[in-house]
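1. Just a sequence and a predicted model for now, questions to come.
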Amino acid sequence: MLRDDVKNTIQRCSMIKSGDTVIAAVSGGADSVALLHVLYSLQGELSFSLAACHVNHNLRGAESDGDEMFVRRMCRMMDIPLYVANIKVNEFRQKHDSLEECARRLRYGFFEDIGKNKLIATAHTASDNCETILINMVRGTALSGICGIPAKRDNIIRPLLYSTREDVECYCRENELDYVTDSTNLSDDYTRNKIRHKIVPL
C-alpha cells in the first residue's frame, strides 16, 4: 500500500523528525494529490506539522488558474495552510533557457523562500526518476546524472521516490481522490514527455 511505502521511505531515509514542519508541493496532479493525502494521514503518527504550496506558472491560461483553485479548495477542505506563488514564467525566461528549466528555477526559488527551517516535500516518483536518468544519459552526463533524483537533498525530500506512477494512480482510485491533468503532459513537444511516451514503454 502506498501509505506504508511512503512511511517506510521517510523512516529509512531519515526524511522527517518529530516536530518538523513539512510543506508539500502540490500541483493538483495525481502524484502531488496522493503525496498530500498520505502526509496528511501520517502527520499525527510521525509528529510533524503539514502545510502545502502551489506554483501557478501562468503558462496555460484558464487551465493554470483552474489548477490553483483546485489546490486551494482541497487545502481548505483539509484545513491545511497553503502558500501560493503566481509567477509569469515567460517574463523571467532568459535567452538560452528552455521553458522547463526556467519554470523549475523559479519554482525552486519559491521553495527556498518559504522553506527556511522547514522541509519541502516534492512528489517525484520512481517513474520520474527513470525518465530523469534517461534524459541525462541522452544529453551526456557524469556519474551523478546516472544516479538520478536524490531522495533527500538539503531541505528537499521526496517521499514517493520509490513508488511508481501506477502506485499513485491506484492510491487515488482506492481513496476516491480527484486530481487535475496538465494538458501539456499529453504533448510530445517536451523532452520529458517524449521519453515518457515513446522510450520508457519500449
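-> Cool, got the structure.
2. What strand or helix carries Ala103?
-> helix 99-114 (DSSP states H and E).
3. And for that helix, what's in contact with it?
-> 23, 25, 53, 55, 57, 59, 83, 85, 87, 89-90, 92-94, 97, 120, 156, 190-192 (CB atoms under 8 Å, 6 or more residues apart in numbering). Quick note: C-beta positions are derived from backbone N, CA and C, even for glycine.
4. now do 10 Å
-> With CB atoms under 10 Å, 6 or more residues apart in numbering as the test, helix 99-114 has contacts from 23, 25, 27, 51, 53-55, 57, 59, 83-85, 87-94, 97-98, 115, 118, 120, 122, 154-156, 184, 189-192.
5. pull the CA atoms of it into PDB?
-> Provided in PDB are the C-alpha atoms of helix 99-114 (Å, rounded to 0.1, in the frame of the first residue of the first chain):
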ATOM      1  CA  LEU A  99      10.600  26.800 -20.600                       C
ATOM      2  CA  GLU A 100      11.000  23.700 -18.400                       C
ATOM      3  CA  GLU A 101      14.300  24.900 -17.000                       C
ATOM      4  CA  CYS A 102      13.000  28.500 -16.300                       C
ATOM      5  CA  ALA A 103       9.900  27.200 -14.600                       C
ATOM      6  CA  ARG A 104      12.000  24.800 -12.500                       C
ATOM      7  CA  ARG A 105      14.400  27.600 -11.400                       C
ATOM      8  CA  LEU A 106      11.600  29.900 -10.400                       C
ATOM      9  CA  ARG A 107       9.700  27.100  -8.600                       C
ATOM     10  CA  TYR A 108      12.800  26.100  -6.500                       C
ATOM     11  CA  GLY A 109      13.400  29.800  -5.800                       C
ATOM     12  CA  PHE A 110       9.900  29.900  -4.300                       C
ATOM     13  CA  PHE A 111      10.600  26.700  -2.300                       C
ATOM     14  CA  GLU A 112      13.800  28.400  -0.900                       C
ATOM     15  CA  ASP A 113      11.800  31.500   0.100                       C
ATOM     16  CA  ILE A 114       9.200  29.600   2.100                       C
END
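6. what helices or strands is the following helix or strand past that helix leaning on?
-> Using DSSP H and E, the helix or strand that follows helix 99-114 in sequence is strand 119-121. Strand 119-121 sits against strand 21-25, helix 30-46, strand 49-56, helix 99-114, strand 156-157, with contacts defined as 3 or more CB pairs under 10 Å, 6 or more residues apart in numbering; DSSP states H and E.
7. Low-confidence ranges, this structure, go.
-> 135-137, 140-147, 182-200 (pLDDT under 70).
8. Check the secondary structure at the residue nearest the centre of the chain for me.
-> By CA atoms, centre = their mean, the chain has its centre lying nearest to Ala123, at 3.1 Å. Three-state assignment for Ala123 (DSSP: H, G, I helix; E, B strand; the rest coil): coil.
9. roughly how far apart are it and Gly44?
-> Ala123 sits 21 Å away from Gly44, going by CB to CB, to the nearest Å.
10. cool, Arg139 as well?
-> Relative to Gly44, Arg139 is positioned 43 Å away (CB to CB).
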